[in-house]
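*Asks:* Provided below for reference: sequence and predicted model.
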Amino acid sequence: MKKCIAVSCFIVLAAMLAQAQAADEGYQMATVVSIEQQAADAQHMENADRYKISMRMGDTLYLCRASGSAATFMDWTSGKEFPAKENAKVLLVKNKDGKVLELTITGKKKPK
């Protein structure tokens, strides 16, 4: 009887874990190839926190632009991986704190 209860608990926990992973459906790991902060424009201070980011997901290189505070992109370095998925002209990237960042896709490159 105790074994049956233990097995039932294990099955329930496994099902809960599978469901939690399904919530991330469509996301796959993307690697930061390069990140560069754009120069601030004294006439347009709203453009002060803009970044040019290249990310590789699968065999595609995504050329993107994003804006956000320096704290948001502080731990973004070449070689760092984040869960991401393409959504039309936007690359949705989950940051380490769980927030989803929208990077505007300006171009894509695939190997020939």
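*Replies:* Done, it's in. Given the structure is predicted, the values throughout are model-derived calculations rather than measurements.
*Asks:* check which helix or strand the residue most central in space within the chain maps to.
*Replies:* Geometric centre of the chain, nearest residue: residue 93, 2.1 Å, by Cα atoms, centre = their mean. In the assignment (DSSP states H and E), residue 93 maps to strand 90-94.
*Asks:* name every strand pairing with that strand and say which way it goes.
*Replies:* strand 81-87 (antiparallel), strand 100-109 (antiparallel) (DSSP bridges).
*Asks:* who touches stretch 96-108?
*Replies:* Residues from elsewhere that reach stretch 96-108 (Cβ atoms under 8 Å, 6 or more residues apart in numbering): 53, 55, 60-66, 68, 72, 75, 82, 86, 89-95. Any C-beta I mention is one placed from the backbone N, CA and C, and that applies to glycine too.
*Asks:* just list whatever residues bridge to residue 90.
*Replies:* residue 87, residue 104.
*Asks:* repeat that for residue 64.
*Replies:* Beta bridges link residue 64 to residue 53, residue 105 when assigned by DSSP bridges.
*Asks:* can you tell me how far it is from residue 49?
*Replies:* 15 Å (Cβ to Cβ, to the nearest Å).
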